[in-house]
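Student: Fold the following and give me the result.
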Amino acid sequence: MSDYQHIVIAVDLSHESEVVVSRATQLSPPKLTLVHVIEPLTFAYGGDIPMDLSEVQLQLQNQAKDKLHELAQKFSIPEEDCIVVVGQPASEIHRIADDKQCDLIVVGSHGRSGLALLLGSTSNGVLHGANRDVLAVRVHPSE
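Tutor: Okay, the predicted model is just below:
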């Protein structure tokens with residue numbers, strides 16, 4: 001159905017992630033890599049909290065790995081093809097896509113408008129910095 005040999009699927013682990021993975025699997029590539037990027041807590045709090053957040057960060061990573069593996073099982077993606085990293089989402093997704101030599105990145109897009117659109121999103125960052133094809137799957141929040 002497609003010429004894509006290796007697809008990196010970037011998910012945020014929301015309920016809509018299944019829609020994104022499902023769309024990628026419909027392309028029937030020989031290889032899929034499932035990725036979730038956690039922003040460092042210091043990004044969220046600007047380093048203004050006078051405490052060590054490393055234990056909390058580690059717990060977040062472990063929870064994300066568990067959720068990512070559950071999602072992967074639903075689509076028969078091997079655990080070794082699941083990656084959880086800490087960093088800036090768009091740049092980490094690009095780095096992993098380069099490392100894995102994938103030919104397509106699949107991300108979810110919430111189709112935000114207004115202020116959210118001006119501020120940008122992970123899918124927008126991935127699209128504008130990519131040196132390969134990007135498929136933005138339109139997802140709608142669960143109601």
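Student: Please point out which parts of the longest helix along the chain sit buried.
Tutor: The longest helix of the chain (DSSP state H) is helix 54-74. Neighbour-count burial for helix 54-74, with 16 or more other CB atoms under 10 Å as criterion, is recorded at Gln57, Leu60, Ala64, Lys67, Leu68, Leu71, Ala72. C-beta: built from backbone N, CA, C; applies to glycine.
Student: Looking at those residues, which one is closest to Val85?
Tutor: Nearest to Val85 out of these is Ala64 (CB to CB; 9.6 Å).
Student: Give the closest residue to that closest one in space, chain neighbours not counted.
Tutor: Spatially, and ignoring its direct neighbours in sequence, Ala64 is nearest to Val84 (4.8 Å; CB to CB, 6 or more residues apart in numbering).
Student: what's the helix or strand for the one you found?
Tutor: Val84 is part of strand 82-86 when elements are defined by DSSP states H and E.
Student: Packing partners of the longest helix of the chain?
Tutor: Contacts defined by 3 or more CB pairs under 8 Å, 6 or more residues apart in numbering; DSSP states H and E place helix 54-74 against helix 17-25, strand 31-38, helix 41-45, strand 82-86.
Student: So in the protein, where's the weakest helix or strand by average pLDDT?
Tutor: helix 115-119 (a mean of 40; mean pLDDT, DSSP states H and E).
Student: where in this protein is pLDDT low?
Tutor: Per-residue confidence for the chain (pLDDT under 70) gives these ranges: 1-2, 42-52, 110-120, 141-143.
Student: Go again with 50.
Tutor: Applying pLDDT under 50 to the chain flags residues 1, 113-120, 143.
Student: The residue nearest to Ala64 is in contact with Thr33, isn't it?
Tutor: No - taking contacts as CB atoms under 8 Å, Val84 lies outside contact range of Thr33: 11.8 Å.
Student: Tell me who's in contact with the nearest residue to Arg132 once chain neighbours are set aside.
Tutor: The shortest distance from Arg132 to any non-neighbouring residue, by CB to CB, 6+ apart, is to Asp103 (5.7 Å). By CB atoms under 8 Å, 6 or more residues apart in numbering, the contact set of Asp103 is Asp3, Tyr4, Gln5, His6, Ile7, Arg132, Asp133.
Student: Thanks a lot, catch you later.
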